[in-house]
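1. structure for the following, please:
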Amino acid sequence: QLQLVESGGGLVQPGGSLRLSCAASGFTFSYPAIGWFRQAPGREREGVSCISSTGDTTMTADSVKGRFIISRDNAKNTVYLQMNNLKPEDTAIYYCAAVARSFQPLQVPPSEWHYWGQGTQVTVSS
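-> This next block holds a predicted model:
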């Protein structure tokens, strides 16, 4: 059973940076496609960025484009989300999700991502 564990969240001032990690384990198929999602209080879960199994294809939401960068290191079974120039509206619980295919577009709804981590809190505040 594929398991995902997020880390790297915390409290940061506006304009600051954080790097989230998503460590995958227990998968028996080839490297899964991974997506990062976030959910703020009272709001629906939204896709932030996703990456293909090989890392050669990525998608990023317009709301974070130019500030967030997704990458992966398959030797470490880990996907990263580098978040720069953070804004208060980036405050949310961030989740990584996986699907057993080489790529899944970001606009695919959360219900179609089959494996989820427990989430990590990101708070942007002065």
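2. specify the beta-bridge partners of the spatially most central residue of the chain.
-> Computing the C-alpha centroid of the chain and ranking residues by CA atoms, centre = their mean puts W36 first, at 2.1 Å. Beta-bridge pairing for W36 (DSSP bridges): S49, C96.
3. check contacts around it.
-> W36 makes contact with 20, 22, 47-50, 70, 79, 81, 94-97 under the criterion CB atoms under 8 Å, 6 or more residues apart in numbering. Glycine gets a C-beta too; all of them are placed from N, C-alpha and C.
4. measure it to G42 for me?
-> Per CB to CB, to the nearest Å, W36 is found 20 Å from G42.
5. same deal with L106?
-> 22 Å.
6. which one's more surrounded, the two?
-> L106 (17 against 5; other CB atoms under 10 Å).
7. pretty sure N74 sits against Y31.
-> Yes. Assessed by CB atoms under 8 Å, N74 is found in contact with Y31 at 5.2 Å.
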